[in-house]
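Chemist: Quick one, what's the 3D model for this:
(4 chains)
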There are 2 protein chains.
Amino acid sequence: MLKIAKLTDYGTLVMTTLALEPAACLNAQELAARSHVAAPTVAKLLKLLVKGGLVVSTRGTHGGYRLARGAETITVADVVSALEGPIAITACAQHGGGCTIEGSCTSRSNWRLIDEAVRQALSAVTLAQMAAPRVQTARMYGKTVPLHVFAARE
Amino acid sequence: MLKIAKLTDYGTLVMTTLALEPAACLNAQELAARSHVAAPTVAKLLKLLVKGGLVVSTRGTHGGYRLARGAETITVADVVSALEGPIAITACAQHGGGCTIEGSCTSRSNWRLIDEAVRQALSAVTLAQMAAPRVQTARMYGKTVPLHVFAARE
DNA sequence: CGATACGGGACCGAACTGGTGCGGATTATA
DNA sequence: TATAATCCGCACCAGTTCGGTCCCGTATCG
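Modeler: Numbering: from 1, shown residues only, chains lettered A, B, ... in the order given. Prediction:
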């Protein structure tokens, strides 16, 4: 558990695909084919990524998407934030609401430290690094995850 | 987002409560009162924590719970693992299933590094540290979270 | 024997997630 | 100017998960 959403996982996949061809303007369909993610899902992701300012879109006949910045300047934390909102392990870290039960709340401040550590871990890896091929037989998704998305797609 | 389950949050609260009184054998009701978490929820949490080997239980009339080890040797990662299962940011990290699409899977190995970093972040903080009071007005939960659990419980 | 308290389930409603579809806006090309 | 390609912003749906509650069995102490 404590895992990122599957969509976010797909999102990084799409982003790395995009990072491999910085100059080109790839449309949603093309990105779907290259990343092996279902086309409608890719489209949905791209909208969010545009909204987050990570990719820029071009409309029209030969429109498509490309990274807004260099792949070295985009971190995994950026992608996660764009797709899932601000990174906050605990619910209380954001929206400083009411509920100031200081007495039973001594541990809360420590959560923020953990929060920060996790955020740094995600910020430490850039898209460029993620896109770099590694000589290793990476396995993907066990039985609990729909394989059909990746298997047998052309 | 990317947040731990609310139950896990409560779990750490209960654990720190337990850590404050290592010698005593507190029952579920007492722990609920002290941690300001609903009693049935506390009971549920404790079952999982016992199963995870973090607390030991005593049955009978004056039964209750106490930490299985010293508070300095129990980390937040332990609690999270006990309540949410193994810590794995990405779904593919666990159950090495099929789906060996090496080509489109180059980024997978990098996820494991991030995974490890997050795990270390959670392992770095012990229960003893979480229980240590801090002179700071910690705020808890914004509008999106049920306050009634904490507010007005005697 | 009886009261107390843990243990392991089943259970339910609400919220979220992944995934799909459709009408509208924008741009290049013929 | 007309047409086709493409992005955009929703609304929608089914499945799953999550938080939370309840019940009954079992163990221990007095």
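Chemist: Could I get the full set of strands for chain A?
Modeler: Under the criterion DSSP state E, strands of chain A are mapped to A:55-58, A:64-67.
Chemist: What residues sit buried inside the first one?
Modeler: Judged by neighbour count (16 or more other Cβ atoms under 10 Å in any protein chain shown), strand A:55-58 contains these buried residues: A:Val55, A:Ser57. (Each C-beta comes from the backbone N, C-alpha and C, glycine too.)
Chemist: Report whether that strand contacts DNA strand D.
Modeler: Yes: remark: strand A:55-58 sits within contact range of DNA strand D at A:Ser57, A:Thr58, by Cβ under 7 Å from any atom of the strand.
Chemist: got a list of what A:Glu84 touches?
Modeler: Counting by Cβ atoms under 8 Å, 6 or more residues apart in numbering or on different chains, A:Glu84 makes contact with A:Ile4, A:Ala5, A:Thr8, B:Met1, B:Leu2.
Chemist: From the structure, what's the count of residues near the nearest residue to A:Arg119 once chain neighbours are set aside?
Modeler: Nearest non-adjacent residue to A:Arg119, counting by Cβ to Cβ, 6 or more residues apart in numbering or on different chains: A:Ile87, 5.2 Å away. When neighbours are counted by other Cβ atoms under 10 Å in any protein chain shown, A:Ile87 registers 20.
Chemist: wait, A:Ile87 sits on A:Ser123?
Modeler: No: A:Ile87 lies out of contact with A:Ser123 (Cβ atoms under 8 Å); the separation is 9.3 Å.
Chemist: thinking again about what came up before, could you flag which of the contacts of A:Glu84 are buried?
Modeler: Neighbour counting with 16+ other Cβ under 10 Å marks A:Ile4, A:Thr8, B:Leu2 as buried within the contacts of A:Glu84.
Chemist: overlap between these and the residues near DNA strand C?
Modeler: The residues of the buried ones among the contacts of A:Glu84 that also fall near DNA strand C, by Cβ under 7 Å from any atom of the strand, are A:Thr8.
Chemist: Where in chain A is the helix or strand with the lowest mean pLDDT?
Modeler: Here the helix or strand of chain A ranked lowest by mean pLDDT, DSSP states H and E is helix A:108-123, holding a mean of 84.
Chemist: quick one: it to helix B:108-123, angle?
Modeler: Interaxial angle, helix A:108-123 versus helix B:108-123 (axes from the mean of the first three to the mean of the last three Cα atoms, to 10 degrees): 160 degrees.
Chemist: how about A:Leu20, what does it touch?
Modeler: Contacts for A:Leu20 (Cβ under 8 Å, 6+ apart) come out as A:Ala131.
Chemist: Quick check: the gap between it and DNA strand C.
Modeler: Applying Cβ to the nearest atom of the strand, to the nearest Å, the value for A:Leu20 to DNA strand C is 22 Å.
Chemist: Could you pull up phi and psi at that residue?
Modeler: phi -70, psi -20 (degrees, to the nearest 10).
Chemist: how far away is it from B:Ala77?
Modeler: A:Leu20 sits 35 Å away from B:Ala77, going by Cβ to Cβ, to the nearest Å.
Chemist: sorry, back to before: tabulate the buried ones among the contacts of A:Glu84 in JSON lines, adding columns for distance to DNA strand D and pLDDT.
Modeler: What follows is the buried ones among the contacts of A:Glu84, written out as JSON lines (distance: Cβ to the nearest atom of the strand, whole Å; pLDDT from 0 to 100):
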{"residue": "A:Ile4", "distance to DNA strand D": "13", "pLDDT": "86"}
{"residue": "A:Thr8", "distance to DNA strand D": "15", "pLDDT": "92"}
{"residue": "B:Leu2", "distance to DNA strand D": "13", "pLDDT": "75"}
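Chemist: mind listing which of the buried ones among the contacts of A:Glu84 are in helices?
Modeler: Among the buried ones among the contacts of A:Glu84, the members falling in helices (DSSP state H) are A:Thr8.
Chemist: could you dump the buried ones among the contacts of A:Glu84 to CSV with distance to A:Ala68?
Modeler: Output for these, formatted as CSV (distance: Cβ to Cβ, whole Å):
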residue, distance to A:Ala68
A:Ile4, 21
A:Thr8, 18
B:Leu2, 22
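Chemist: just for chain A, where's the confidence low?
Modeler: Along chain A, segments meeting pLDDT under 70 span A:1, A:91-108, A:133-154.
Chemist: and it, which residues reach DNA strand D?
Modeler: Residues of chain A lying near DNA strand D by Cβ under 7 Å from any atom of the strand: A:1, A:27-29, A:43-44, A:46-47, A:50-51, A:57-65, A:144.
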